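Chemist: sequence and predicted structure below; questions after.
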Amino acid sequence: MLLGKNLKYLRKGKQMTQENLSDQLGIKRTMISAYEDGRSEPKLSTLKLIGDIFSVSLDELLYHDIEKKGRKATQKKDIKILTVSLDNEENENITMIPQKASAGYLNGYADPEFVQQLPQFHLPNLSKNATYRAFEINGDSMLPLPSGTVVIGAYVEQLTDIKSGKTYILVSETEGVVYKRVFNYLEENGKLFLVSDNDMYKPYEIPGEDVKEVWEAKAFISTDFPNPKDRNKPVTLEDIADMISELKNNIVKSK
C-alpha cells in the first residue's frame with residue numbers, strides 16, 4: 001500500500017503541516033506521522049476525509065504512486081480504438097446521437113452494432129485528419145444555441161489536450177452526454193470544471209477519471225437561428241478570463 005508516501009506527498013504539495021492536516025481530520029498530529037511512516041492505518045471514515053481534502057479517490061490514494069506517476073487523470077491512457085462507421089467508399093461517416101439515444105450511448109459507444117444503427121451523414125469542409133461525431137443537445141444551458149441543435153465534435157484522444165475555455169461534448173459516467181465550456185484543472189486537482197454559457201446555470205466539476213470520451217466542438221446545425229436575446233449577453237474573452245479567475249479562487253478556497 002502507498003498510503004503513507006502519497007499522504008506525505010499530497011500534504012506537502014498543499015503546503016500543509018501535519019498539525020494543519022490533523023486539525024482538519026480531527027485527530028492527533030502524532031497519528032498523521034504514524035500514517036506517513038506506515039506505523040498505523042486510518043479508519044475508513046478518516047480515509048474518506050483525506051480523499052475529500054486532496055480530491056483523490058481511495059484507490060489512487062492507496063495503490064497509485066502519485067509522486068512517481070502523477071495523478072491518474074493526467075496520465076496518458078492507451079489510445080482507444082474508436083468505433084466508427086464507413087460509407088461504401090470507406091470514408092468515415094459522422095455518427096449522429098439524437099437526444100433519445102444519449103442515454104444508451106454511454107453503454108453502447110464502443111459497440112460497433114450500436115453505432116452502425118445510429119444515423120450517419122457527411123459534411124463538407126471538415127478536416128479529414130479527425131474523427132467526428134454529432135450530438136443533439138438538450139436544454140437551454142448553452143444559449144444562444146437552442147435545445148435541439150446538433151453539435152459536431154472532433155475526437156480528443158487525451159484529456160490533457162483539453163484547452164480551457166473551449167466548448168466540448170463530454171461523455172462521462174456521472175453526467176452522461178453533456179455539452180459545456182470546459183476548464184482544465186487536471187494537473188491541479190484531477191478535475192474538469194464545466195461552465196454553461198447561460199449564466200443561469202452554476203459551474204460544476206467532474207473527476208477526469210469519470211470521462212469516457214471528449215469531442216471538441218467544431219460546427220453546429222440548427223433549424224433555429226441563434227437569437228442574442230436568448231441570453232443576457234454574449235460570451236466574450238473578458239467573460240472567459242473572469243470564469244478562469246473565479247474557478248482558480250474556488251480551488252484555492254477548497255485547499
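Modeler: Cool, got the structure.
Chemist: now the helices: where do they sit in this structure?
Modeler: For the chain, applying DSSP state H gives helices covering 3-13, 18-25, 29-37, 44-54, 58-63, 66-69, 102-108, 112-117, 186-189, 237-254.
Chemist: and those as CSV, adding distance to residue 223 and mean neighbour count?
Modeler: Using the backbone N, CA and C atoms, a C-beta is placed for each residue, glycine as well. Shown next, in CSV, are these (distance: least, Cβ to Cβ, whole Å; neighbours: other Cβ atoms under 10 Å):
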stretch, distance to residue 223, mean neighbour count
helix 3-13, 50, 17
helix 18-25, 53, 16
helix 29-37, 59, 17
helix 44-54, 45, 15
helix 58-63, 45, 16
helix 66-69, 48, 14
helix 102-108, 19, 15
helix 112-117, 24, 14
helix 186-189, 36, 17
helix 237-254, 27, 13
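Chemist: which one of those lies nearest to residue 151?
Modeler: Ranking the helices of the chain by proximity to residue 151 (Cβ to Cβ) places helix 102-108 first, at 12.2 Å.
Chemist: any chance of the helices of the chain in CSV with mean pLDDT and distance to residue 83 as columns?
Modeler: Output for the helices of the chain, formatted as CSV (pLDDT from 0 to 100; distance: least, Cβ to Cβ, whole Å):
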stretch, mean pLDDT, distance to residue 83
helix 3-13, 92, 36
helix 18-25, 94, 45
helix 29-37, 94, 44
helix 44-54, 90, 34
helix 58-63, 85, 27
helix 66-69, 82, 29
helix 102-108, 85, 9
helix 112-117, 87, 5
helix 186-189, 81, 25
helix 237-254, 62, 33
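Chemist: nearest to residue 165, out of the ones you listed?
Modeler: Distance to residue 165, taken as Cβ to Cβ, is lowest for helix 237-254 among those, at 4.6 Å.
Chemist: now do the contacts for residue 177.
Modeler: 97, 102, 105, 106, 135, 169, 170, 171 (Cβ atoms under 8 Å, 6 or more residues apart in numbering).
Chemist: repeat for residue 112
Modeler: Contacts of residue 112 (Cβ under 8 Å, 6+ apart): residue 83.
Chemist: and the gap between it and residue 118?
Modeler: Separation of residue 112 from residue 118 (Cβ to Cβ, to the nearest Å): 11 Å.
Chemist: for residue 201, which of the helices of the chain is the nearest?
Modeler: helix 237-254 (12.5 Å).
Chemist: would you map the strands across the stretch 101-250 of the chain?
Modeler: Here the stretch 101-250 of the chain has its strands, by DSSP state E, counting those that start in this stretch, at 120-121, 132-136, 150-155, 167-172, 176-185, 191-195, 204-207, 211-221.
Chemist: can you redo the helices of the chain as TSV with distance to residue 149?
Modeler: Shown next, in TSV, are the helices of the chain (distance: least, Cβ to Cβ, whole Å):
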stretch	distance to residue 149
helix 3-13	41
helix 18-25	45
helix 29-37	51
helix 44-54	37
helix 58-63	37
helix 66-69	40
helix 102-108	14
helix 112-117	22
helix 186-189	28
helix 237-254	20
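Chemist: residues of stretch 167-179 that come out buried?
Modeler: 167, 168, 169, 170, 171, 172, 177, 178, 179 (16 or more other Cβ atoms under 10 Å).
Chemist: ok now that stretch, how far from the chain's centre?
Modeler: Mean C-alpha position of stretch 167-179 versus that of the full chain (Cα atoms, centre = their mean, to the nearest Å) differs by 8 Å.
Chemist: for that stretch, how far is the first residue from the last?
Modeler: Stretch 167-179 has its terminal residues 7 Å apart, counting by Cα to Cα, to the nearest Å.
Chemist: and for stretch 96-116?
Modeler: 10 Å.
Chemist: same question, stretch 191-201
Modeler: End-to-end distance of stretch 191-201 (Cα to Cα): 19 Å.
Chemist: follow-up on the earlier one: of the helices of the chain, which is nearest residue 89?
Modeler: Ranking these by their distance to residue 89 (criterion: Cβ to Cβ) puts helix 112-117 first, at 16.5 Å.
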